[in-house]
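Student: Predicted model, plus sequence, below.
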Amino acid sequence: MIRVGVLGPEPLERAGVRRVLEDDGRIRIVGEASETASPMVRTTRLDVLVSSHRGADEALDVLQLANAAAPTAANAPGPTPVHVVLVDHLSEHATRMLLCHGARGILLRGNSVRHLPWAVRAAAAGTIALAPVAARFLVDQYVRPGRTADAVATARTMLDKLSSREREIVHLLADGASNPAMAEMLGISAHTVKDHIRGVYSKLGVDNRVQASRIVWQAQVPAQPTSTQARGL
C-alpha cells in the first residue's frame, strides 16, 4: 500500500485529489495539509507527497520547504517521501527547476484525474512520471541534440576528471537515486554523499542532477558495480 499525503491551498482541489487516489486500491491517503507540508513530513510516514498549486513557483517553494523539513534517518517516521507536483501551467525552466529540486512526478492539474494514480505509483516505485508537455521539454533539450562522436568524446573526457567514488555517485545520480539511497548502496553517510555530489558538480561544471545525468547519457559508458556491490555486500 502506497501511503500518500495531499497538500494544497484549495479545499476543492485537495478533495478532488483525494477522491481520485482513494479510488485506487493500492493507494492510501494518510495526511492532508493546506499551507505547509513540514509537520506532515516530520510526523507522518509518507511514501509520496502530492502537492497541487496554480503556479510552478508555489510548487517549487513547497518542494524546498518539504526537503528542508525532512527528518534525519535517526528520527524519521519512515523513508523520505518523493514528490508529485500538480500545476496549471509549465515552462521549460519550471520543469527543469522542479526536477532539480526532487520532483518525481510533474502533471498538469487539468488532466490529473487521468494520470495521477499511475504517476503516484511510478514515483513510489522510483521512476519519474511527467506530463507530455514536460517530457517534450526534456526531449527537446537533452535527446534531440543527439550523441555525435564529438559529444561522446567530450562527455567521456569530463567523466575522466572524476574519482572512482565520484563516478559511482554520478551514475547513481543518472539512475535517479536519492541521497539516502546512495548512502545505503555505497555504505557511506548522507553527508558524505552530499560532499561527493558537490565535487561532481564542480568537476563537471554543472549545477544540478539533470545536467550531470546528461553528461553520463552522452558518454555512453555503462555503470560499473558500486564498491559495495563488488564486495558482495
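Tutor: Cool, got the structure. Numbering: from 1, shown residues only.
Student: domain assignment for this protein?
Tutor: Recorded structural domains for the chain (assignment: automatic domain parsing) are 2-142, 149-230.
Student: Quickly compare the ones you listed and say which is most buried.
Tutor: With neighbours defined as mean count of other C-beta atoms under 10 Å, the domains of the chain peak in mean count at domain 2-142, which reaches a mean of 18. Backbone N, C-alpha and C define where each C-beta goes, glycine included.
Student: quick one on the thing from earlier: with mean pLDDT added, can I get the domains of the chain in CSV?
Tutor: As requested, the domains of the chain are exported to CSV (pLDDT from 0 to 100):
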stretch, mean pLDDT
domain 2-142, 84
domain 149-230, 85
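Student: Now residue 201: which helix or strand?
Tutor: Remark: residue 201 resides in helix 190-204, with elements defined by DSSP states H and E.
Student: Name the residues that touch stretch 204-217?
Tutor: Contacting residues not belonging to stretch 204-217 are listed as 96, 99-100, 142, 147, 155, 158-159, 161-162, 170-171, 173-174, 200-201 [C-beta atoms under 8 Å, 6 or more residues apart in numbering].
Student: wait, which of those residues is closest to residue 12?
Tutor: Nearest to residue 12 out of those is residue 99 (C-beta to C-beta; 27.9 Å).
Student: what about that closest one, which SS state?
Tutor: The local conformation at residue 99, judged by DSSP: H, G, I helix; E, B strand; the rest coil, is helix.
Student: Can you tell me how far the nearest residue to it once chain neighbours are set aside is from residue 217?
Tutor: Once flanking residues are discounted, residue 99 sits nearest to residue 210: 5.7 Å by C-beta to C-beta, 6 or more residues apart in numbering. Separation of residue 210 from residue 217 (C-beta to C-beta, to the nearest Å): 10 Å.
Student: With that, I have no additional questions.
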